[in-house]
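J.: just to be clear, the model below is a prediction. Sequence and coordinates:
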Amino acid sequence: MKISKLKLKHQIWLIFFFSIIIFTVMEFYYYYSFSNLTQKRATHYSNQMIEQTRRKIDSAFSDIRVSTSIAVNSRRVQEFSVVDDDYQRAFNSGPNALDLMEYMRSFNSYVDGIVINDIRGRRLYSSASASGDIFFS
């Protein structure tokens, strides 16, 4: 069957339907390729965001670990936790230990407070409360 032997009306219909089929196939192809590209970009972007968040969390934990390690392993804090004399704790080793803990808390934005307990249950606090109080007991 030759196209030239068809009536003009049928030739026009055939060309019309053929062009519609070609454009529909092209539209589906571009839709799926754009959809696939968009999904890949969204996946890549979300993976980057997750990785950045993970790095920030790891950095915060590392900073907290370093601050805590320095505060706990300090000679001043160790003296405070082993001294039996309340006077010496309150006036000699206590303020020194609090100064160190306050310094450790101030340069680390992730740490709002540090609490150290000794064997006897005594605590040393350095916290950023609303009133800004720093105390030990």
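T.: Cool, got the structure.

J.: so which bits of stretch 54-64 are buried?
T.: Of all the residues in stretch 54-64, not one is buried under the rule 16 or more other C-beta atoms under 10 Å. In short, each C-beta sits where N, CA and C put it, glycine included.

J.: which residue ranges of the chain form strands?
T.: Assigned by DSSP state E, the chain shows strands spanning 113-117, 123-127.

J.: which of those strands is buried the deepest?
T.: Mean neighbours per residue, mean count of other C-beta atoms under 10 Å, is largest over these for strand 123-127, with a mean of 19.

J.: what about D58, distance to S81?
T.: Computed as C-beta to C-beta, to the nearest Å, the D58 to S81 distance reads 30 Å.

J.: just give me the residue closest to the centre of this protein.
T.: Of all residues in the chain, the one closest to the mean position by C-alpha atoms, centre = their mean is T53, 3.1 Å from it.

J.: now do that one, the pLDDT please.
T.: If you check T53, the pLDDT there is 95.

J.: so where's this protein uncertain?
T.: Scanning the chain for pLDDT under 70 picks out 1, 110, 125, 127-137.

J.: on that earlier part again, could you dump the strands of the chain into a markdown table and include distance to N73?
T.: Formatted as a markdown table, the strands of the chain follow (distance: least, C-beta to C-beta, whole Å):
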| stretch | distance to N73 |
| --- | --- |
| strand 113-117 | 11 |
| strand 123-127 | 14 |
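
J.: for the ones you listed, which one sits closest to Y30?
T.: Y30 sits nearest to strand 113-117 of all the strands of the chain, at 57.7 Å, using C-beta to C-beta.

J.: that concludes my questions; thank you for your assistance.
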